[in-house]
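>>> below is the sequence, then the predicted model.
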Amino acid sequence: MNVSSPSMEKRGSLVCVGTGMRLGGQITPIAQSYIENSDVVLAAVSNTLARKWLQGLAREYVCLTQHYDLTKEEGKTRRDTYRAMTADIMGQVRAGKAVCAAFYGHPGIFACVAHLAIEAARKEGYEAHMEPGVSALDCLVADLGIDPGAYGLQSMETTQYMIHQRPLDTSSLLVLWQPGVAGDLSLKRFDTVPARLQILVDKLARHYPLDHEVILYEAATRPFEATRIDRMALRDLPAAEVKPATTLVISPAQEPVGDEETIGLLDALALA
């Protein structure tokens, strides 16, 4: 694959790829090809082993994770972290390099930097695109044996659900991402506390009984690491261990109610 321009005046380009959730085993062939053949790889991946693995593949490697330290500074939030990561990526693109930005999981799912960088590159006239990767949702479906097509699927970030009036369809599967930072309005923390989780439970209890089963899920990221699948009653969530990588899965609480009017219209068409 040719990822650089053959012209004398080299033009920068950007591709954002995902490395999958499990180290080395879930990366797609095209993503690995971009990592190996691009001029420089800038990466935000979850663990040291993954970083070392990427360093072994890349011609030049730049780690983006140090920008998370910005949240320790007065007045700085995770938004500043994401802007700094985007600036690093765009600096390499503007330098005329074929740039690969790599993110664990899928580069477009809870990875706003990829979206920001692609948008910035395209506005400046550079070629930029995204390649899909294996996400936590893909692993969740496989590990829990859940088919979103059977019940439907609602999916949202936990704090966004908490602070907005989001209608819930309790006949579908509900996936709440990042409960490990539930209720953090400062955008500076990377954890939560039982009191915030209790507020989440109280809001969910408007729609689900307190004894309704919920699942705390964490995809395995290392070759011999076990997947976390902890089942518990909704009321027990505040006392549970909830990490940044944890996902909250809530099974349907009722059967869907049929729309008899629409069913009648469809039946009438079938008889026509």
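Now that the structure is in, tell me what you want to look at.
>>> which elements pack onto the host helix or strand of residue 49?
Following DSSP states H and E, one finds residue 49 within helix 48-57. If you count contacts as 3 or more C-beta pairs under 8 Å, 6 or more residues apart in numbering; DSSP states H and E, helix 48-57 packs onto helix 29-37, strand 40-44, strand 61-63. For every residue, glycine as well, the C-beta is placed using N, CA and C.
>>> for it, C-alpha coordinates in CSV please.
Extracted C-alpha coordinates of helix 48-57, given in CSV (Å, rounded to 0.1, in the frame of the first residue of the first chain):
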residue,chain,number,x,y,z
THR,A,48,2.3,-0.1,28.2
LEU,A,49,2.4,-3.5,26.4
ALA,A,50,0.3,-2.1,23.6
ARG,A,51,2.6,0.9,23.3
LYS,A,52,5.7,-1.2,23.1
TRP,A,53,4.0,-3.4,20.5
LEU,A,54,3.2,-0.4,18.3
GLN,A,55,6.7,1.0,18.7
GLY,A,56,8.0,-2.2,17.3
LEU,A,57,5.8,-1.8,14.2
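>>> and that helix, what's buried?
Neighbour-count burial for helix 48-57, with 16 or more other C-beta atoms under 10 Å as criterion, is recorded at 50-51, 53-54, 57.
>>> outside of the lengthiest helix in the chain, which residues touch it?
Determined from DSSP state H, the single longest helix within the chain is helix 78-94. Contact with helix 78-94 is made by 12-14, 39-40, 42, 44, 62, 64, 67-68, 70-71, 99, 101, 112-113, 116-117, 120-121, 124, 126, 128, 187-188, as judged by C-beta atoms under 8 Å, 6 or more residues apart in numbering.
>>> repeat that for 7 Å
12-14, 40, 42, 44, 62, 64, 67-68, 70-71, 99, 101, 112-113, 116-117, 120-121, 126, 187 (C-beta atoms under 7 Å, 6 or more residues apart in numbering).
>>> which among those residues end up buried?
12-14, 40, 42, 44, 62, 64, 67, 70-71, 99, 101, 113, 116-117, 120-121, 126.
>>> from the buried residues of helix 48-57, which is closest to residue 152?
residue 50 (33.3 Å; C-beta to C-beta).
>>> what's the separation between the closest one and residue 191?
Residue 50 is 22 Å from residue 191, where distance means C-beta to C-beta, to the nearest Å.
>>> likewise for residue 181?
7 Å.
>>> the more surrounded of the two?
Applying other C-beta atoms under 10 Å to residue 181 and residue 191 shows that residue 181 carries more neighbours, namely 23 against 12.
>>> so that one touches residue 192, yeah?
Yes: counting by C-beta atoms under 7 Å, residue 181 touches residue 192, with 5.7 Å between them.
>>> ends of stretch 28-47, what's the gap?
Terminal residues of stretch 28-47 are spaced 19 Å apart (C-alpha to C-alpha, to the nearest Å).
>>> also stretch 15-28?
14 Å.
>>> and that stretch, what's buried?
For stretch 15-28, a neighbour-count test (16+ other C-beta under 10 Å) marks 15-23, 26-28 as buried.
>>> so of those, which ones are in strands?
Per DSSP state E, strands hold the following members of those: 15-18.
>>> identify each buried residue in the longest helix of the chain, please.
78, 80-82, 84-86, 88-90, 92-93.
>>> redo those residues as TSV? Include pLDDT.
Output for those, formatted as TSV (pLDDT from 0 to 100):
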residue	pLDDT
78	87
80	91
81	92
82	93
84	95
85	95
86	97
88	97
89	98
90	98
92	98
93	98
